[in-house]
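Undergrad: only the shape, not the letters, is given here:
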């Protein structure tokens, strides 16, 4: 291939990537990639819960700690593996380095989520610690781990996703909106806990987990909507 042919090929690939929705930033991803990422994460979560029920006869209400541990084991590799593949700093960070960042961020995010839950009133008895550890680790997969896999310790990227409630780039959608949905869902899910209904699902962290998972899935759905909006804006700018 001649040099001129290589340049033309690069230009054509660039135009095709812009048509798919890339172009809001140098490290952004295609809209189709974002949608596939959400689909695989949701599929992994559903598969993990189904396997826990059908193969191991686990129930979140009957055995929350074991069920959460099974979800963590299944969903962890899915989230870390997928988000590491869309890391922003690909020129300076290999795939396995991004995976290492996710593995490192899992316990760090778990500590932060557990601390926040305890401050807001989660029980601290010894019998609750296994459930708290597994729940906070699952929340870390929803909130902290994706951002660390994608952005690493980039101060500018973290400031952008924390400062703007509305995502500015497609990659911000796939990181921030599901995380926001999980946090909001967990907070709403905690409301029935102190009510005097005496239902089994009011025990910590059952209803909080249901709320977090529902919010996480809803956040991914909203993210898909934002991806289409940002892709439309990219088309307008490209024209």
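TA: Right, received. Where do you want to start? In this text the structure is predicted, and so the values were computed from the model without any measurement.

Undergrad: how close does residue 182 sit to residue 141?
TA: 9 Å (CB to CB, to the nearest Å). Placement of C-beta: from N, CA and C, glycine included.

Undergrad: pLDDT weak spots in this structure?
TA: 1-27, 164-165, 232-239 (pLDDT under 70).

Undergrad: isn't residue 161 right up against residue 172?
TA: Yes. With contacts counted by CB atoms under 8 Å, residue 161 reaches residue 172, the gap being 5.4 Å.

Undergrad: for the helix or strand residue 96 falls within, packing partners?
TA: Following DSSP states H and E, one finds residue 96 within helix 95-119. On a contact count with 3 or more CB pairs under 8 Å, 6 or more residues apart in numbering; DSSP states H and E, helix 95-119 meets helix 64-85, helix 129-151.

Undergrad: show me what the longest one is packed against.
TA: Pointing back at helix 129-151 there. helix 64-85, helix 95-119, helix 155-163, helix 170-189, helix 206-238.

Undergrad: so which of those helices is the most packed in?
TA: Ranked by mean neighbour count, the helices and strands packed on helix 129-151 are led by helix 170-189 with a mean of 24 (mean count of other CB atoms under 10 Å).

Undergrad: and the angle for it with helix 129-151?
TA: Orientation check (axes from the mean of the first three to the mean of the last three CA atoms, to 10 degrees): helix 170-189 against helix 129-151 gives 160 degrees.

Undergrad: burial count for residue 153?
TA: Using other CB atoms under 10 Å, the number of residues around residue 153 comes to 9.

Undergrad: for residue 202, same thing?
TA: Residue 202 has 15 nearby residues by other CB under 10 Å.

Undergrad: what sits against it?
TA: Counting by CB atoms under 8 Å, 6 or more residues apart in numbering, residue 202 makes contact with 192, 193, 195.

Undergrad: drop anything exposed from those.
TA: By neighbour count, with 16 or more other CB atoms under 10 Å, the contacts of residue 202 hold 192, 193 as buried.

Undergrad: just give me the closest of the contacts of residue 202 to residue 123.
TA: residue 193 (9.5 Å; CB to CB).

Undergrad: from residue 95, how far off is the closest one?
TA: 40 Å.

Undergrad: check residue 43 too.
TA: Residue 43 is 21 Å from residue 95, by CB to CB.

Undergrad: follow-up on the earlier one: tell me which of the helices and strands packed on helix 95-119 lies nearest to residue 203.
TA: Of the helices and strands packed on helix 95-119, nearest to residue 203 by CB to CB is helix 64-85, at 7.3 Å.

Undergrad: by how many degrees do the closest one and helix 170-189 diverge?
TA: Going by the same axes, to 10 degrees, helix 64-85 makes 170 degrees with helix 170-189.
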